[in-house]
Structures are given as C-alpha cells and as structure tokens.
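[1] sequence unavailable; structure follows:
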C-alpha cells in the first residue's frame, strides 16, 4: 500500500488501522523529519545551521535491522564472499612474493598500487555511479579481480614471475577495487533506503571484515592444499555469486522512486575540486573525511602487507596455523565489533566518539609494534580490529547519512578517496620506511603521527557535537 504523510509518498508499507494507524502516522512523520533533516531542509535542534546539521530522528532500536531486508541479505552474503576472495588473493600472492623476492619495498608497492587508484579515481568512480547503473560497475570490477587471479595463477604455474609482472597484477587489482567500492556503497541506498542505512553501513563493514577474517584461513588452506596455482584458480569462483546476482537484482536507477536528479556530466579530476567545495559547509562530512584520511595516510592497512615480517620476528614465519592466526586476529576483532555494535546499539555514531576510538586504535598499534610476545601480539591485533571497525563504520555512517542525494556518489567517492586512497602513502610510511629503519619502528612512528593529527581534530568534533548524533 502507499500512504502520503506530510506530502511524502511512503511505499511498500502495510498501513494498519485503528490505534496502530496512529502509531504508524507518528513513525512516518518521524521518518519524514529525518529525511528532511538529511536533505538540509530543516534545522535540527542544537545545530548551528541547516547545512551543518547531522541529526537524524531516532527510531526504536532493532538489532540487525538491515538483515531483515531480503535484498540486503543477498548483498551482504555476496559482498562478504567477494571480499574473502579479494583477501585470499592477497594471502597467496603476498606469501609467494615474500618467498621469491623477500623485499619490504615490494610489500610497500603492494600497498601503494592497491590504494593509489582510490586516491586518483574514487571521485570519478562515484560520479560514474551517480550517472550510470552501479550494478554494472560492480560487475566490471569483479571481472578485473578474476583476471588478476588468473594472471597470478599463470605466472605461478610457469614459474616465470618477475617483479614487474607482480607490479602490473597488483595495480590491476587496485583498479578493480576502485570500481567496486563506491558503486557498492551507492547500492546500499537503493536496497534499504535511508531509514535502515546506519544498520546497512555497519553490517557492510562487518561483511568486509568477515571476508578479511575468512580470507587468511581460506588462503592458507588453499595454499597448503592446492598450492599457489590451484588456490588462485579456485579463488576466481568466489567472485561469481555477486556477478550473477547483480544481473537481475531489482536495484539501481531504473527502480528508484521519485524524480531522478538531472544527469550531470562526468568531469574527471575537476569533480574532486567541485565536490570539496560542495561539502565545505557540511562540518560533519568534512570532519569525518579528515579523520578517515588521516588514519589512512599514516597507517591504513599497510602493516597487513608486512605481516610475514612481523610473524618472523615473533617466531612464526611458516605458512601454518600460527601465521594464519596472526593474520586473522585483526579481522576477528573487527568482526566481533560489528556483531556487538549491530546487536546492542552500543556506540552510536557521533563525531567526537569516532575521534576518540581512532586514538585508542593508534595506541593499540603502538603497543603491537613494541610487542615481542606472540600471544600479546594476537590480543593487541584483536583489539585493533575491534577499534578500527568501530570508528570506520561510524565515520562512514555519518558521511552517508548527511550526503546530499543529488551528489551522493561524488561524496562517497571523496570519502573513499580519503579513507582508502590515502592508504597509498601508508605504503611509504610503513613499508618503504620500514625497509630502512625496520617495520616495528615505522609502524610505531606512523601511529604517533595519527595521534598528533587526531588531537587537533578533537576541536572540530567538539564543534559539531550537538549536531553529530545519528541513530536509527
């Protein structure tokens, strides 16, 4: 049934009668107010201006709310499987590269090549997702992942891998990711709509870490059971469910309700500058993008590429269970955080809270860099994963809730440029510098750099404090 409330057409809701109808009207008016706040049409209580507002009207908390949506359940499962395949490729390729070349510099290049496309092309990818069907962009990205895995398998099988071959395949993998992520985040709005978006963003982050957790275990099992060549070939199968589901999934521009915004030309790098200007008055978006960019610039995930070196220093450099557990500890902490936060409603999104969680993450990485005990390193990586998902999901939720609908893809692209693209430089700060002074020192100094910048960001977060809450 359809019901108009305050001039807004609410679809796909069964409208009850009698006293329940009164409750329905109250809920619908609350959702309408939240949508109006998100579109900057209303001032929220306590916010300095409509454009700076980040408030959203709270509804009754429901654990795992987005998973009640059948379309999102398919998205969650296929996204997690594709993320697992992404990380299986990392586990197998990083191990072979470490054994063949034993080069921290190549490990640093693996990080740079993975994230540099996000830095240069995330806003372009978001603009493409604004203009074209994001389902097709995701499918193209999956095809590029499959091509990269098959390329690794060929060079492993023929034993002809050279360093420049590895550099090309690592770069192809990076470009596949930049087509995938902004378009996938755009699909969240098409699948669940605005009211379930905070739940969907948290669960998407959980799915990402579920893939990160399963990736090391599956990668190690494939490496030990089938070898590097067989493991890479089988890995291509894990991308296919997402490709096949998106062939006919009823989401995207053709299925959106209401009048579509006028198409806007894709202007390449000029879109980056224009998007920065467009969000300048949105303090929450600016603050959370700066937070994510700072963490990505100095640390990111660069220490994952150096994990074989950390494992050797901790006395577990063989490709067995102990090494795999070290790889998986970070992902396990993040996975637990996702389920705890989504299941309890604890740590609701707030700018200041996101900054404080990021500072705790830095402190945990400092302790990990100084650790020489394997059990302590596992515990610290688990804690780091818990904190990383907590603040990353929080920042992304606040940005996506407050992104103007007409430019949502570009805003998501700009956020990805900061949160993922700036990880390019973490390959320098942790990887290349680690080749000169040691990876323990490089990680510690990088974490200190993040702490210093985040201390300055606390002032900005305090300025948005009354406007920064965002709950379901």
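    Everything's here; your move. Source: prediction; values computed, not measured.
[2] pLDDT weak spots in the stretch 1-150 of the chain?
    For the stretch 1-150 of the chain, the stretches with pLDDT under 70 are 1-61.
[3] hey, where'd the strands end up in it?
    3-5, 8-10 (DSSP state E, counting those that start in this stretch).
[4] would you check how far apart the most centrally placed residue in the chain and residue 177 are?
    Nearest to the mean C-alpha position of the chain, by C-alpha atoms, centre = their mean, lies residue 205 at 5.9 Å. Using C-beta to C-beta, to the nearest Å, we find residue 205 at a distance of 16 Å from residue 177. From N, CA and C alone the C-beta is placed, and that goes for glycine too.
[5] and residue 400, by the same measure?
    Applying C-beta to C-beta, the value for residue 400 to residue 177 is 19 Å.
[6] related to what we said a few turns ago, what strand or helix carries the residue nearest to the centre of the chain?
    Assigned by DSSP states H and E, residue 205 belongs to helix 197-235.
[7] any idea how far the residue nearest to the centre of the chain is from residue 326?
    Separation of residue 205 from residue 326 (C-beta to C-beta) stands at 22 Å.
[8] which residues of the stretch 251-400 of the chain score low on pLDDT?
    Along the stretch 251-400 of the chain, segments meeting pLDDT under 70 span 255-268, 305, 316-324.
[9] ranges for the helices of it?
    270-279, 283-298, 302-305, 307-313, 321-344, 351-370, 374-402 (DSSP state H, counting those that start in this stretch).
[10] tabulate these (JSON lines), appending mean neighbour count and distance to residue 96.
    As requested, the helices of the stretch 251-400 of the chain are exported to JSON lines (neighbours: other C-beta atoms under 10 Å; distance: least, C-beta to C-beta, whole Å):
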{"stretch": "helix 270-279", "mean neighbour count": "17", "distance to residue 96": "36"}
{"stretch": "helix 283-298", "mean neighbour count": "25", "distance to residue 96": "27"}
{"stretch": "helix 302-305", "mean neighbour count": "27", "distance to residue 96": "13"}
{"stretch": "helix 307-313", "mean neighbour count": "20", "distance to residue 96": "11"}
{"stretch": "helix 321-344", "mean neighbour count": "21", "distance to residue 96": "14"}
{"stretch": "helix 351-370", "mean neighbour count": "22", "distance to residue 96": "25"}
{"stretch": "helix 374-402", "mean neighbour count": "24", "distance to residue 96": "23"}
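[11] looking at these, which is closest to residue 151?
    For the helices of the stretch 251-400 of the chain, distance to residue 151 was read as C-beta to C-beta. The smallest value, 18.8 Å, belongs to helix 302-305.
[12] how about the contacts made by residue 440?
    310, 313, 369, 370 (C-beta atoms under 8 Å, 6 or more residues apart in numbering).
[13] how near is it to residue 73?
    Separation of residue 440 from residue 73 (C-beta to C-beta): 42 Å.
[14] same check, this time on residue 407
    According to C-beta to C-beta, residue 407 and residue 73 sit 29 Å apart.
[15] repeat that for residue 298.
    36 Å.
[16] now swap in residue 192 and tell me
    Going from residue 192 to residue 73 by C-beta to C-beta gives 11 Å.
[17] which of the two has more neighbours?
    The neighbour count for residue 192 versus residue 73, taken as other C-beta atoms under 10 Å, is higher for residue 192 (24 against 14).
[18] contacts only, for that one.
    Going by C-beta under 8 Å, 6+ apart, the list of residues near residue 192 reads 66, 69, 71, 72, 199, 200.
[19] let's see 6 Å
    By C-beta atoms under 6 Å, 6 or more residues apart in numbering, the residues touching residue 192 are 66, 69, 72, 200.
[20] burial check on the second one, number of neighbours?
    Read that as residue 69. Using other C-beta under 10 Å, residue 69 has 17 other residues around it.
[21] repeat for the last one
    Each residue near residue 200 was counted by other C-beta under 10 Å, and the total is 25.
[22] picking up where we left off before, residue contacts, the residue nearest to the centre of the chain?
    Contacts of residue 205 (C-beta under 6 Å, 6+ apart): 389, 393.
[23] now what about stretch 211-226, what contacts it?
    Under C-beta under 6 Å, 6+ apart, the answer for stretch 211-226 is 80, 83-84, 87-88, 91-92, 231, 324, 327-328, 331-332, 335.
[24] can you put the residues you listed in JSON lines and add distance to residue 283?
    Formatted as JSON lines, these follow (distance: C-beta to C-beta, whole Å):
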{"residue": "80", "distance to residue 283": "33"}
{"residue": "83", "distance to residue 283": "32"}
{"residue": "84", "distance to residue 283": "37"}
{"residue": "87", "distance to residue 283": "35"}
{"residue": "88", "distance to residue 283": "40"}
{"residue": "91", "distance to residue 283": "40"}
{"residue": "92", "distance to residue 283": "44"}
{"residue": "231", "distance to residue 283": "47"}
{"residue": "324", "distance to residue 283": "43"}
{"residue": "327", "distance to residue 283": "38"}
{"residue": "328", "distance to residue 283": "38"}
{"residue": "331", "distance to residue 283": "32"}
{"residue": "332", "distance to residue 283": "35"}
{"residue": "335", "distance to residue 283": "32"}
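[25] biggest separation within those, which pair?
    231 and 335 (22.7 Å).
[26] name the residues of the helix or strand harbouring residue 240 that are buried.
    Applying DSSP H and E as the criterion places residue 240 in helix 240-248. By neighbour count with 16 or more other C-beta atoms under 10 Å, helix 240-248 contains the buried residues 241, 242, 243, 245, 246.
[27] pLDDT score for the third one?
    Here the pLDDT value assigned to residue 243 is 95.
[28] could I get the contacting residues of it?
    139, 142.
[29] cutoff 10 Å now
    With contact set as C-beta atoms under 10 Å, 6 or more residues apart in numbering, residue 243 has these partners: 78, 82, 135, 138, 139, 140, 141, 142, 143, 145, 146.
[30] perfect, I'm done here.
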